[in-house]
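K.L.:
sequence isn't available, so here's the structure alone:
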């Protein structure tokens, strides 16, 4: 089924939103991160042992936790978005390598993969995430070799 010009624009804006989230996390730009969520958004990262709660609570946890990791890369892809007027739902794959200091000038790496299950809303400032539930698919901690 062909999308209308408006639906294509909405899909592109949501795609940009998901990319902006990854950039904000990896650059630790907390002001940019705030442009990804509504102020009352609910976020659940508990499937990987993370925080669950309101956007302000989880944003604080992200800032504190990600300070421990000088290297992170969040890849958000295979985005499946369903539009419904000013609301939308989405499921996106994520792949996230992260590095923590190894005490020898290098990094210990670990890798996380899974899905972001999102609810989006069109706001006066554009599309925003109002609910995110991270679903962990796999976790590889500090591989050796």
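P.N.:
That came in fine, so what should we check first? Everything quoted here is computed from the prediction, not taken from an experiment.

K.L.:
only C-alpha atoms from now on, for both contacts and neighbour counts.
P.N.:
Will do.

K.L.:
select the longest helix from this protein.
P.N.:
Longest helix of the chain, by residue count under DSSP state H: helix 5-27.

K.L.:
distance between that helix and the chain's centre?
P.N.:
Relative to its chain's centre, helix 5-27 lies at 11 Å (CA atoms, centre = their mean, to the nearest Å).

K.L.:
low-confidence ranges, the protein, go.
P.N.:
142-145 (pLDDT under 70).

K.L.:
follow-up on the earlier one: list the buried residues for the next helix or strand after the longest helix of the chain?
P.N.:
On the C-terminal side of helix 5-27, the closest following helix or strand by DSSP states H and E is helix 30-34. By neighbour count with 16 or more other CA atoms under 10 Å, helix 30-34 contains the buried residues 33-34.

K.L.:
my guess is residue 61 contacts residue 51. True?
P.N.:
Yes - assessed by CA atoms under 8 Å, residue 61 is found in contact with residue 51 at 6.7 Å.

K.L.:
helices or strands up against the longest helix of the chain?
P.N.:
Packing contacts for helix 5-27, counted by 3 or more CA pairs under 8 Å, 6 or more residues apart in numbering; DSSP states H and E, involve helix 30-34, strand 75-84, strand 126-140.
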